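**Student:** Have a look at this prediction, sequence included:
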Amino acid sequence: MKYFALAFLAAPMLAQTYDVVLANGRVIDPASGLDAVRNVGISNGHIAAVSSDKLNGRTVVDVAGLVVAPGFIDLHSHGQTPENYAFKARDGVTTALEMEVGVWPVAPWYQQREGKALINFGATSGHLPARMAVMHDTGGLLPRDAATNRDATPEEVRQIYDDVEQGLRDGALGIGFGIAYIPKVRREEILDLFQLAANHKTTCYVHVRHGGPVEPGVEDAVQEVIADAAATGSSLHIVHITSVGLRQTPTLLRMIRGSRERRLDITTEAYPYTAGMTDLASAIFNPGWQEAQGGTTFHDLQWAATGERLTPETFEKYRKQGGMVAIHSIPEEIVRLAVADPMVMIASDGILDHGKGHPRAAGTYARVLGRYVREQHALSLMEALRKMTIMPAERAGLANKGRLQTGADADITVFDPARVIDRATFEQPAQYSDGIPYVLVNGVFVVRNNELQSGVMPGRGMRRTGNNP
Ligand SMILES: [Zn+2]
């Protein structure tokens, strides 16, 4: 009987024909440490085989000489439009999540994208958008008046809390915070939302209250959220550590590392650029911004719509108008230190709007692989891929992603390690990365022979399941 069962099982395996086979590639799976030439069989949207044996497929692509890696997971992608998803895909990203600002209301946001997205998508329940709705702020992505200029009433605070909780019930992947954009928010409002995240066993993704070296500065701000995490039991992810930390980044990493050694679940991320970007109309540019940001000047600001550097006059004009501005303020050695630190994940913080924005939206992943791995040897290829795949998958709670293993979702990025590089610049951010010829999402090619595939929408909404009290 036993013999029969084995023979019965073995026969169809020998005859197996996979939907797609990626043949002869160098498979790198940071979750298991595998780095070897393998054939990858894909069926029904899943990885069905990773084998040194030859595999039969209805479609077979020879990827000899190329790296076959789990698709990259971007925890911090404000761009959640078809335009942005195309640039993400060409940069090797198969899942783009809006975790910092988050969204609200959550359910319609997912519904609008389901079946219509090139790559996988997801978001946190956003404190900022919930607050903007309750307090009738007229801002767009970020608040610009009511939610930032006045105190919330106790009734409003209660409504914001209930709305954020509703977002969690609707499947959001955590709670998103932009404390720096609402400087009047009381610390108790933040603490209560950390408790809410803890009650739902999920994570707070936070842009901390202050950036830069001048007290109350970034050290104070990071201590606030570490204390809130410790006091409530919430897990915590601090976004873009370099753009808030500037030259204080090593101190912040020391705080995070020490917290982790004491069993707090705290993580962080960085993008590989020496400039940040945000809305010029936001509270980041309230009076005193130059000193607060460690001596940043008007000339360090670059208006995204035109690429021009600002003056005191154009600063006033554009601040009234509102719009994205790059802030050239992060020292290169700080970028390299964060990108290379084993604790720091890679995340883009990117958004493109009709081709305008920060190059990080289009080039973050290829830039780390080309510039920091290949050219500067700042970190190994395995280490870089770990920061782009299994680390963000575990942070976001995506059990079937970030792995190149049998049974995982077939989100796969194939790139040429000798060639991969970003091409997006501050002057021309809407340029696809180079050297990433194949990208699959749920087993479907979205990039093939270096070209975006039209008419395919394999992306799915990533929702949190379970743990809802
Ligand atoms: Zn931010």
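**Tutor:** Sure thing, it's come through.

**Student:** tally of neighbours for residue 465?
**Tutor:** Residues near residue 465, counting by other CB atoms under 10 Å, number 9. Every C-beta, even on glycine, is put in place using the N, C-alpha and C of the backbone.

**Student:** Surely it touches residue 171?
**Tutor:** Yes: Residue 465 lies in contact with residue 171 (CB atoms under 8 Å); the separation is 7.4 Å.

**Student:** quick one, what contacts the closest residue to residue 296 other than its chain neighbours?
**Tutor:** Of all residues not flanking residue 296 in the chain, residue 329 sits nearest, at 4.8 Å (CB to CB, 6 or more residues apart in numbering). Taking CB atoms under 8 Å, 6 or more residues apart in numbering, we find residue 329 in contact with 243, 246, 274-276, 293-294, 296, 300.

**Student:** I'd like those as CSV, with distance to residue 231 appended.
**Tutor:** Listed next are these as CSV, based on distance: CB to CB, whole Å:
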residue, distance to residue 231
243, 26
246, 27
274, 35
275, 34
276, 29
293, 29
294, 30
296, 33
300, 37
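
**Student:** who wins for neighbours among those?
**Tutor:** Counting by other CB under 10 Å, top hit in the contacts of residue 329: residue 243 with 28 neighbours.

**Student:** From residue 392, how far out is it?
**Tutor:** Using CB to CB, to the nearest Å, one gets 18 Å for the distance from residue 243 to residue 392.

**Student:** Repeat that for residue 441.
**Tutor:** With distances taken as CB to CB, residue 441 is found 16 Å from residue 392.

**Student:** Give the buried residues for the helix or strand where residue 315 lies.
**Tutor:** Residue 315 belongs to helix 312-321 when assigned by DSSP states H and E. By neighbour count with 16 or more other CB atoms under 10 Å, helix 312-321 contains the buried residues 314-315, 318-319.

**Student:** tell me which of those is nearest to residue 236?
**Tutor:** Nearest to residue 236 among the buried residues of helix 312-321: residue 319, at 31.6 Å, using CB to CB.

**Student:** Now do the closest one, the pLDDT please.
**Tutor:** pLDDT for residue 319: 97.

**Student:** Contact partners for it?
**Tutor:** By CB under 8 Å, 6+ apart, residue 319 lies in contact with 280-281, 285.

**Student:** rerun at 6 Å
**Tutor:** The contact partners of residue 319, taken as CB atoms under 6 Å, 6 or more residues apart in numbering, are 280-281.

**Student:** Quick check: next helix or strand after the helix holding residue 315?
**Tutor:** Helix 312-321 is succeeded, C-terminally, by strand 324-328 (DSSP H and E).

**Student:** As TSV, the buried residues of helix 312-321 with distance to residue 345 would be great.
**Tutor:** TSV is the format used below for the buried residues of helix 312-321 (distance: CB to CB, whole Å):
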residue	distance to residue 345
314	35
315	33
318	32
319	32
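
**Student:** so where is the stretch 201-350 of the chain shaky, pLDDT-wise?
**Tutor:** Within the stretch 201-350 of the chain, not a single segment meets pLDDT under 70.

**Student:** so where do the helices sit in it?
**Tutor:** For the stretch 201-350 of the chain, applying DSSP state H, counting those that start in this stretch gives helices covering 218-232, 241-245, 249-261, 289-292, 312-321, 332-340.
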